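*Asks:* please work out how this folds:
(one chain, ligands or ions: 2)
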Amino acid sequence: MTTNEDVIRFDRATIHYRDRVALHDITLGIRAGEFIGIIGPNGSGKTTLLKAILGLVPPVSGSVRVFDCACERLRCEHRARIGYLPQKDLVDPHFPITVAEAVMMGRYSSIGLFRYPGKADRAIVSEALTAVNMVAEAGTPLGELSGGQQQRVMIARALAQRPEVLLLDEPTTGIDTPTQHAIMELIRRLHRDLRLTILFVTHDINLISRVADRLILLNTRLFAAGPPSDVLRRDTLAQVYGKDIVVTDHGAAPYVIVGDHHA
Ligand SMILES: Nc1ncnc2c1ncn2[C@@H]1O[C@H](COP(=O)(O)OP(=O)(O)OP(=O)(O)O)[C@@H](O)[C@H]1O
Ligand SMILES: [Mg+2]
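*Replies:* Ligands and ions are numbered 1, 2, ... in the order given. Have a look, this model is predicted:
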């Protein structure tokens, strides 16, 4: 279902890479301010869904509309309203750039590549660093940070863009459990304080199910979309992850264990 109030609307959208179907017949509406978790096995089209929202991969049939615009070009003005944290974007340790410079890169979609950042841009960068608790590291070379700290900087860079929609592709993968929880808590707070619309791709079903308003279960097709307790049913998940899936009921929240089966 989609409505006119949705900020993102997929209407029977099918997306191919040459001869491979990455997403098939997706109809989905996302309202402003929603926190959406996107789950599904490897190759199920999660990253492709985010790229479609960014206008990087246009649908071969159906439509994808963002802010009520069919943004099929990267240069569409609406692109600046979407912050994007790509999957596995950790930096080369020798890349000569400080934390503050990396976050300033988030300003370039607004100030243009060939102008110098002004006082207001520096204030926004410092605000973004405060939000992710990295002010003390502003002058540190990016390559000297740990993976979790780099992820915080990447989140700050996306925030410095002052986005309305934030797309996060596996921001907690490869990060230790306490830091995963800290990043999740940070994103939850940003969602609440800045009223961002968030799409969060992850394989950690139990981490996301505690914070997302709705989960979207993909496997090329859209298998389910709804509140976590509706989506995390054994029979629904088994269609995508195979029959080895176990769902236990920990009081109010379902707890999911994905077995060895590879879909
Ligand atoms: N640039 C590309 N060229 C060709 N095929 C691609 C390209 N990117 C993705 N694909 C294919 O499209 C399908 C969906 O890929 P996608 O990256 O969206 O999956 P994903 O759900 O993000 O997986 P993962 O959990 O591994 O990140 C896969 O079959 C993949 O091989
Ligand atoms: Mg992916």
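*Asks:* tally up the residues packed near A158, please.
*Replies:* Residues near A158, counting by other C-beta atoms under 10 Å, number 24. Placement of C-beta: from N, CA and C, glycine included.
*Asks:* up against ligand 1, what does the stretch 51-200 of the chain have?
*Replies:* Q87 (C-beta under 6 Å from any ligand atom).
*Asks:* for the stretch 151-263 of the chain, what spans make up the helices?
*Replies:* With helices called from DSSP state H, counting those that start in this stretch, the stretch 151-263 of the chain shows them at 177-194, 205-208, 228-231, 234-241.
*Asks:* helices or strands up against the first one?
*Replies:* When contacts are defined as 3 or more C-beta pairs under 8 Å, 6 or more residues apart in numbering; DSSP states H and E, helix 177-194 packs onto helix 147-160, strand 165-169, strand 197-201, helix 205-208.
*Asks:* of the helices of the stretch 151-263 of the chain, flag the one that's most buried.
*Replies:* Mean neighbours per residue, mean count of other C-beta atoms under 10 Å, is largest over these for helix 205-208, with a mean of 19.
*Asks:* what lies in contact with that helix?
*Replies:* Residues outside helix 205-208 that contact it (C-beta atoms under 8 Å, 6 or more residues apart in numbering) are 37, 39, 172, 180-181, 184, 200, 202, 215, 228, 232, 255-256, 258.
*Asks:* buried ones from the residues you listed, can you make that a ChimeraX selection?
*Replies:* To isolate the buried members of the contacts of helix 205-208 in ChimeraX, using 16 or more other C-beta atoms under 10 Å:
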select :37,39,172,180,184,200,202,215,228,232,256,258
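*Asks:* looking at the contacts of helix 205-208, spot the one nearest ligand 2.
*Replies:* For the contacts of helix 205-208, the minimum distance to ligand 2 (C-beta to the ion) is 10.0 Å, reached by T202.
*Asks:* torsion angles phi and psi at that closest one?
*Replies:* phi -160, psi 160 (degrees, to the nearest 10).
*Asks:* just H16 next, same as before
*Replies:* phi -120, psi 150.
*Asks:* show me what it is bridged to.
*Replies:* Residues in a beta bridge with H16, per DSSP bridges, are V21.
*Asks:* isn't it right next to G45, touching?
*Replies:* No: judged on C-beta atoms under 8 Å, H16 makes no contact with G45 at a distance of 11.0 Å.
*Asks:* which residue is the nearest non-sequential neighbour of S229?
*Replies:* Once flanking residues are discounted, S229 sits nearest to P254: 6.3 Å by C-beta to C-beta, 6 or more residues apart in numbering.
*Asks:* I'd say the one you found and L237 touch.
*Replies:* No: if you go by C-beta under 8 Å, P254 and L237 don't touch, sitting 9.4 Å apart.
*Asks:* got any residues that touch both of these two?
*Replies:* V247.
*Asks:* which of H16 and G45 has more neighbours?
*Replies:* For H16 versus G45, the count of surrounding residues by other C-beta under 10 Å is larger for G45: 23 against 16.
*Asks:* what residue, apart from its backbone neighbours, is nearest the more buried one spatially?
*Replies:* Using C-beta to C-beta, 6+ apart, the nearest residue to G45 is L23, at 4.4 Å.
*Asks:* which SS class is the one you found?
*Replies:* Following DSSP: H, G, I helix; E, B strand; the rest coil, the label given to L23 is strand.
*Asks:* going forward, begin numbering at 12 instead of 1
*Replies:* Yep, numbering from 12; the last one is L34 now.
*Asks:* so how far is H214 from it?
*Replies:* Separation of L34 from H214 (C-beta to C-beta, to the nearest Å) stands at 18 Å.
*Asks:* neighbour count winner among those two?
*Replies:* Shown here are L34 and H214; by other C-beta under 10 Å, L34 has more neighbours (26 against 15).
*Asks:* same list, the helices of the stretch 162-274 of the chain, but as CSV with mean pLDDT and distance to ligand 2 please.
*Replies:* Compiled in CSV, the helices of the stretch 162-274 of the chain are given as follows (pLDDT from 0 to 100; distance: least, C-beta to the ion, whole Å):
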stretch, mean pLDDT, distance to ligand 2
helix 188-205, 87, 17
helix 216-219, 93, 14
helix 239-242, 94, 19
helix 245-252, 94, 15
